[in-house]
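Asker: The sequence and its predicted three-dimensional model are supplied below.
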2 protein chains.
Amino acid sequence: MSSYKDKKVITIGIVNELTGLSVRMIRYYEERGLIFPERSERGTRKYSFADIELLLEIANKREEGVQTYEIKQDMLNEKKNSNVRDKLRRGQFNAHFNMRK
Amino acid sequence: MSSYKDKKVITIGIVNELTGLSVRMIRYYEERGLIFPERSERGTRKYSFADIELLLEIANKREEGVQTYEIKQDMLNEKKNSNVRDKLRRGQFNAHFNMRK
DNA sequence: TTTTTATGTTAGAAAATCTGACAATAAAAT
DNA sequence: ATTTTATTGTCAGATTTTCTAACATAAAAA
């Protein structure tokens, strides 16, 4: 279940070191709804390795000129697709499409 | 190679949360040579998930009344044994014991 | 042309960490 | 029985890290 990859334990300074993204940009991508760090008791941000990988993908897309808004849409689509795949995998695909037949 | 488990990216406050050990104790176990966090540029400690697991083991042994010195010796022995296993696995066992035959 | 996006920078406050020291108790060693 | 070592806690002052909010600017989009 909760693997190391998904545990939110990394502070923003380390994320900066690991991604090369400025602290400003890391916060901005949060503001734009691309990442969702947790917060400690008194408000300091905590990221996971998964977040870091995501930030690296975001950085790549940004270098290609893709805007944060589009990146977000892409991410939402991917999530939707993976949900569909989940349903397929669970054999609910037919159940869904043949409900009334 | 460098998996998430071994990357030193976690600050001592988070280690405290994750292990329940006081910051004082975490530093003390370092002083006693049981753990080896890395340091950031200006000196703040950075731990890995592996370090955290080790700290939990240390905490267990301490609760059983084992002293840090003994814990360290145990760890050194385990390392030695795993080295022996490595050599065995590499087929160097016989080479070692039959050198002069 | 006006608005939005994407960053940088700065300022002041708050949070987190560091080292070193002193204290106290328990346990071990002599 | 006395002395020493081990294991924590706490405190103080300094340093580092992070936070929010604001202002600035160039490029891109509308």
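Answerer: Nice, I can see it.

Asker: from here on, contacts and neighbour counts on C-alpha atoms
Answerer: Fine.

Asker: Next to DNA strand D in this structure, residues from chain A, please.
Answerer: Taking Cα under 7 Å from any atom of the strand, the part of chain A that reaches DNA strand D is made up of A:11-14, A:43-45.

Asker: so, in contact with DNA strand C or not, stretch A:46-53?
Answerer: No: taking Cα under 7 Å from any atom of the strand as the criterion, stretch A:46-53 and DNA strand C are apart, separated by no less than 10.2 Å.

Asker: returning to that earlier point: buried subset of the residues of chain A next to DNA strand D?
Answerer: Neighbour-count burial (16 or more other Cα atoms under 10 Å in any protein chain shown) is assigned, among the residues of chain A next to DNA strand D, to A:11-12, A:14, A:45.

Asker: for chain A, which spans come out with low pLDDT?
Answerer: A:2, A:90-101 (pLDDT under 70).

Asker: which residues are contacting the helix of greatest length in chain A?
Answerer: In chain A, assigned by DSSP state H, the helix with the most residues is helix A:68-89. For helix A:68-89, the external contacting residues (Cα atoms under 8 Å, 6 or more residues apart in numbering or on different chains) are A:29, A:32-34, A:58, A:61-62, A:93.

Asker: What is the nearest of these to DNA strand D?
Answerer: residue A:62 (11.0 Å; Cα to the nearest atom of the strand).
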